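K.L.:
next one to model:
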Amino acid sequence: MVTKQTIGFLKSHKPDEHRIALLPQDLTHITHPEMIYLETGYGQDLGICDTSYSNLGVQIVRVKSFLSRVSFVNLKSVSLIF
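P.N.:
Predicted coordinates:
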């Protein structure tokens, strides 16, 4: 039996850091985009709205509930205060 894992991407909260790891067009290469979780406003700095991701099946969640929903997290350039 294969267990599906979820992966999450948080936006960077460092000053002047606007890069993101996942763009909407990247989702065309992903078999199960519903297993991806993004922090609310993930693409905002690049002018990409949350609906651009959610329309493709990605889950958009607030940062406070983020860690309880994902199996793996991309924490590059992230500092969080809960």
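
K.L.:
low-confidence bits of this structure, can you list those?
P.N.:
Counting by pLDDT under 70, the chain has low-confidence residues at 1-3, 71-82.

K.L.:
helices along that one, start to end?
P.N.:
50-54, 63-66 (DSSP state H).

K.L.:
can you get me a residue count around residue 20?
P.N.:
Residue 20 is flanked by 20 other residues according to other C-beta atoms under 10 Å. Quick note: C-beta positions are derived from backbone N, CA and C, even for glycine.

K.L.:
how close does it sit to residue 4?
P.N.:
23 Å (C-beta to C-beta, to the nearest Å).

K.L.:
so how far is stretch 5-16 from its chain's centroid?
P.N.:
With C-alpha atoms, centre = their mean, to the nearest Å as the basis, stretch 5-16 stands 6 Å off its chain's centre.

K.L.:
can you offset everything so residue one is 29?
P.N.:
Yes, from this point I'll number from 29; that puts the last item at stretch 33-44.
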